[in-house]
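1. Sequence first, predicted model second:
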Amino acid sequence: MPSRTLILSMVVLVSPSLVDAQETDPVFFSEVISWDKVRTGETVILDQLTFVADSAQLTEEHLWILDDLSVYLLQHPRLRITITGHTNTKPQHAYCDALSAARAEAVKAYLVTMGVPEEVITTIGMGKQQPLYPDDTYDPQKQRRNQRVEVKLEEVKE
């Protein structure tokens with residue numbers, strides 16, 4: 001079965017059925033609709049989550065995605081989450097590395113304000129190291145898709 005990555009844009013919480021996923025390509029949240037449909041180990045691209053240009057400030061338009069994620073994490077205390085920030089390929093590496101890390105930290109900070117314990121969240125800034133579209137120089141749509149935050153849920157095994 002090919003791997004996939006989820007990109008979530010809408011969330012409806014239902015009872016959990018966490019199944020370990022094998023290494024997968026990312027899935028867009030907008031295609032998944034529910035955190036309940038995300039398998040542990042699966043990478044989910046939060047495609048509708050946006051930031052103010054050239055900053056780590058979250059825009060308010062789609063914060064409900066993080067609100068729903070925080071509820072889901074609080075309902076499933078055995079889950080851990082890795083938040084990975086990415087940028088487009090245009091700016092210098094150092095700038096992209098710092099911005100992607102700051103954006104991942106901004107998502108973490110938001111989840112913590114919603115009650116998610118800080119110790120269950122790991123952040124990574126990938127800069128422009130893993131673009132979905134390697135050559136986005138002249139295509140604003142590809143640039144936008146490369147600027148993303150991904151999350152990966154893992155269940156702690158006893």
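-> Okay, I see it.

2. contacts, neighbours, all on C-alpha from now
-> Noted.

3. any idea how far Thr87 is from Ile124?
-> Separation of Thr87 from Ile124 (C-alpha to C-alpha, to the nearest Å): 12 Å.

4. Contacts for the helix ranked longest in the chain, please.
-> Secondary structure assigned by DSSP state H gives helix 93-113 as the longest helix of the chain. With contacts defined as C-alpha atoms under 8 Å, 6 or more residues apart in numbering, helix 93-113 is touched by 51, 54-58, 66-67, 70, 83-88, 118, 121, 123-128, 149.

5. in it, what's buried?
-> Of the residues in helix 93-113, 96-108, 110-112 count as buried by neighbour count, 16 or more other C-alpha atoms under 10 Å.

6. Strands of this protein, residue ranges please.
-> 5-8, 27-29, 43-45, 79-86, 121-125, 148-155 (DSSP state E).

7. Could you single out the most deeply buried of the ones you listed?
-> Among the strands of the chain, strand 43-45 has the highest mean neighbour count (mean count of other C-alpha atoms under 10 Å), at a mean of 28.

8. For that strand, the averaged confidence score.
-> The average pLDDT for strand 43-45 rounds to 90.

9. for stretch 116-126, same thing?
-> So the average pLDDT for stretch 116-126 ends up being 97.

10. what's the weakest-modelled helix or strand in the chain?
-> In the chain, the helix or strand scored least confidently by mean pLDDT, DSSP states H and E is strand 5-8, which has a mean of 42.

11. about what we covered before: with distance to His62 added, can I get the strands of the chain in TSV?
-> Listed next are the strands of the chain as TSV, based on distance: least, C-alpha to C-alpha, whole Å:
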stretch	distance to His62
strand 5-8	11
strand 27-29	12
strand 43-45	13
strand 79-86	17
strand 121-125	20
strand 148-155	13
